[in-house]
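Trainee: Below is the sequence, then the predicted model.
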Amino acid sequence: MTATRPQPEAPATSAATRVATFCPLCVSRCGATATVTDGVFTALDPDPSHPTGQALCIKGKAAPEIVAHPDRLLHPLKRTAPKGAADPGWQRIGWDEALDTITERLLALAREHGPESVVFGSASPSTSAMSDSVDWVMRLRRAFGSPNMLAYMELCGWGRYLASLYTFGDSVPGEQPPDIDNAGCLLFWGYNPSVSRLAHATSTTAALRRGARLVVVDPRRAGLASKAHHWLRVRPGTDAALALALTHVMIERGWYDVDFVRRWTNAPLLVRTDTGRLLRDEGRYVAWEEASGAPVAYDPARGYAVDEARLSLSGTYDVGGVPCRPAFDLVTEQCRGMAPDVAADITGVPAADIEATARTLWESRPVAFYAWSGLEQHSNATQTIRAVNQLYALTGDFDASGGNVKFAAVPSNRIDGRGTLAPDQLAKAIGVQERPLGPARFEFVTGEDFYTATLDARPYRARALVNFGANLVMAHGDSTRGRDALAALDFMVHADLFLNPTADQADIVLPVTSAFENEALAIGFQVNQEAQSLVQLRRPVASPRGESRSDIRIVFDLAVRLGLGKQFWDGDVDAGLGHQLAPSGITLDQLRADPAGVRVPLTTRHRKYAELDDDSVPRGFATPSRKVELFSETFADHGYAPVAEFIEPGTSPRSRPDLTEKFPLVLTCAKSLWFCETQHRNIASLRGKMPDPQVELHPDTARERGIAAGDWVRLDTPHGSVRARAKLSTNLDPNVVSGQHGWWQACPDLDLPGYPVTGPGSANLNAVLRQTPSDPISGSSPLRASVCDVAPL
Ligand SMILES: Nc1nc2c(c(=O)[nH]1)N[C@H]1C(S)=C(S)[C@@H](COP(=O)(O)OP(=O)(O)OC[C@H]3O[C@@H](n4cnc5c(=O)[nH]c(N)nc54)[C@H](O)[C@@H]3O)O[C@H]1N2
Ligand SMILES: Nc1nc2c(c(=O)[nH]1)N[C@H]1C(S)=C(S)[C@@H](COP(=O)(O)OP(=O)(O)OC[C@H]3O[C@@H](n4cnc5c(=O)[nH]c(N)nc54)[C@H](O)[C@@H]3O)O[C@H]1N2
Ligand code: SF4
Ligand SMILES: [Mo]
């Protein structure tokens, strides 16, 4: 079918050429070899000589089909019908008209309402080639003056990048990934790399072969869970209870690195029992020295005056008439309240499994962990992530070989403009008033806050969106509200390879090249030291379809028109990339001459927190106390629990018994192997593998409802119904159901239908999920723990 399609124009070559490259379609960024036959990009294969090239998934192999797809956007478009109309009445326009219109509208809005009224959006770099260019979009946003970036930070970046800052002062596991090659035990918590990050899955399989242990915490026995030494089938959204119970066992049995806890966490610091705050003595923190029975001051810039081994971790001590307890005593107490039998009742994980897993974690150190979407999309996300981070801190394996390691990086210049926005602009970030520690503090706006700003002018009206690919309407909960919000904007630009339900609300649509038609720079591939040491410039292996342009080209051109050329090398992309590369000593010419990339010899340094600073004091951690903060005074300052706690999900059978009669089942979701998020249902070789939306449920649950495997069913939530086909899975808890989001697109090649975004016949899970009640700290949406029922259709 695909062979008969018109093929893109391509550079003239005589026969099959093979070009070293990498696939940027998802976070894995697998090393690959592209085949170009008679000028046409025909195949993508794994390149085992590349540090992420052991395997390619089926989506990567379908890359030529994606590039050549007849639905690709080929020209800039402008809408001619009013917003909200069923047909936007797209009319082809030229690039000059498109860019001029955008420039004129954005400048007018900035003049009249401030640059903050313009929000910039991006598809997640984990599910698109926006990893090539998202930093440039950030630079443009900041140069323009807007503190508002809409990029799913609250749905899958928060825990990995930002929430962990409050415990470790570092982005763990985002920028400090598991050292899978050297780990004794891998802990995957709400993470299924077999689907979501192939490079991690292949190295985990190798680690298992050499005898590493694997612990998987997941309501579904998916991917590597079937090979795990412990698979903990947690009830969705109760992971904090499980983490606290595991920590309890570790503390009770002494299965934790007490030396690390004393020296490198703030566990010894005294907490006043009267105020619940850390005790201060002339501004310094205070701990208790066991032997002398006296308080000891702790100054982050100088350390303790005594050896940390002497510091007390439990008990109550009188300091100047105030009873005080070491922070660790509070942690211990919090965990004691979640003993395995208590946690078993909440989480559904048998107490014996909790005990056994704690033992495995201790006995097969070093432990390396990854936690992702399973923990992110919850009303209790931040405290859950704190609880998992706390557990990890107790292993003592932070930045140790085989733990979570910050591998050495090739030196480069930051290009995202971080730190350039003035404080008064930062203070206008949408959501920062309500959640001062949340994503808005880091210039990310949540979906819900963006919709509120647009529809209700709170805290002010968001008037424009400059959107690079993101399919907001399908990706955030409450698609109807999303569509209304976009329709309410004064102006919207959408840059993409394909139209989607979000683009339908745009004023101007810009056609973007696929990753295989443009050049892109990758400095490091993250997963291990070898990968981090590779610098590669992906070469185009096909000519741009139609008039499409790369995201970077669009950013640079817009910047120049907006009068921001100075920050963008007057539109010279090569000069920008050269600036980014400069500290590495590598040039663009060098990279163009060798598409396989340049490997920079780098050595991993471990336990960098123990390295001494200029004053001969250990560098420690980038937190206020310079220690791993098991007790977060920052949280206490904002009225949040300073020690990790479990909170029942906001919409669950326990928190909402009023809903149980109609919606007795717990609903969660997971990604699909065959598609990235809401994309790729139009690609025949992928859709053929998974023709219909699916919902997984237990055979008993199905039988009780008269549902057989493969039946079309109705998935009912308190917010409506959507359709899917039943997949029966004996491994699921009979009370838990797992759905899929992202179904809207048709595949005419296979005669397979699309689905309405909302209303009758819809298969869009997010039409019947909501963004609230959200996590009070981050605004994370509860997409992974809510209630539902299933009925035959
Ligand atoms: N219920 C539920 N909802 C979820 C999730 C879930 O697990 N359950 N997951 C959430 C998560 S983790 C995320 S990250 C979001 C994902 O949401 P998005 O980041 O919006 O990702 P996609 O839905 O894949 O849509 C990506 C869009 O970008 C376009 N695109 C692809 N590559 C490029 C490129 O290089 N440049 C440009 N300009 N456009 C490109 C695609 O054609 C597509 O239209 O969804 C969230 N929504
Ligand atoms: N093939 C493919 N790859 C992708 C993507 C894709 O759409 N398709 N999307 C990309 C993006 S944007 C992201 S963010 C990553 C995400 O990568 P992952 O986080 O691995 O993705 P998920 O499958 O959504 O979630 C992981 C696991 O969490 C489990 N889970 C669900 N609820 C809970 C819970 O309450 N607790 C726990 N412990 N686990 C739970 C699910 O059953 C699932 O197996 O993948 C990226 N890679
Ligand atoms: S896992 Fe698949 S889609 Fe993702 S980068 Fe690798 S080949 Fe591409
Ligand atoms: Mo994501």
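Mentor: Sure thing, it's come through. Ligands and ions are numbered 1, 2, ... in the order given.
Trainee: Assign residue 298 to helix, strand or coil.
Mentor: strand (DSSP: H, G, I helix; E, B strand; the rest coil).
Trainee: Tell me the residues on this protein that lie near ligand 4, please.
Mentor: Within the chain, the residues that sit near ligand 4 (CB under 5 Å from the ion) are 124, 126, 156. Every C-beta, even on glycine, is put in place using the N, C-alpha and C of the backbone.
Trainee: Pretty sure the second one sits against residue 26.
Mentor: Yes: with contact defined as CB atoms under 8 Å, residue 126 counts as touching residue 26 (6.3 Å).
Trainee: hey, what's in contact with both of these two?
Mentor: By the contact definition CB atoms under 8 Å, 6 or more residues apart in numbering, residue 126 and residue 26 are jointly contacted by residue 196.
Trainee: The two - which one has more neighbours?
Mentor: residue 26 (24 against 21; other CB atoms under 10 Å).
Trainee: Now the more buried one, what are its backbone angles?
Mentor: Main-chain torsions, residue 26, degrees, to the nearest 10: phi -150, psi -180.
Trainee: who's in contact with it?
Mentor: Residue 26 touches 59, 126, 127, 128, 196, 197, 676, counting by CB under 8 Å, 6+ apart.
Trainee: Nearest to residue 570 among these?
Mentor: residue 128 (28.0 Å; CB to CB).
Trainee: who's in contact with the closest one?
Mentor: So residue 128 contacts 25, 26, 469, 676, 679 (CB under 8 Å, 6+ apart).
Trainee: now with 7 Å?
Mentor: 469, 676 (CB atoms under 7 Å, 6 or more residues apart in numbering).
Trainee: So in this structure, which helix runs the longest?
Mentor: Longest helix of the chain, by residue count under DSSP state H: helix 95-113.
Trainee: contact partners of that helix?
Mentor: Under CB under 7 Å, 6+ apart, the answer for helix 95-113 is 76, 117-118, 145, 463-464, 490-491, 493, 508, 510, 547, 557-558, 561-562.
Trainee: Swap in 10 Å and give it another go.
Mentor: 75-78, 93-94, 115-118, 144-146, 460-464, 466, 490-493, 507-511, 547, 549, 553-554, 557-558, 560-563 (CB atoms under 10 Å, 6 or more residues apart in numbering).
Trainee: which residue does the chain bring closest to ligand 3?
Mentor: residue 60 (2.4 Å; CB to the nearest ligand atom).
Trainee: Would you enumerate the residues in contact with that residue?
Mentor: Residue 60 neighbours (CB under 10 Å, 6+ apart): 22-26, 28-30, 32, 44-46, 66, 198.
Trainee: go with 7 Å
Mentor: 23, 25, 30, 32, 44.
Trainee: Just the closest of these to residue 357, please.
Mentor: Nearest to residue 357 among the contacts of residue 60, with distances taken as CB to CB, is residue 30, at 31.1 Å.
Trainee: That closest one reaches residue 23, doesn't it?
Mentor: Yes: here residue 30 reaches residue 23: they are 4.9 Å apart, a contact under CB atoms under 7 Å.
Trainee: shared neighbours, the two?
Mentor: In contact with both residue 30 and residue 23: 56, 60, using CB under 7 Å, 6+ apart.
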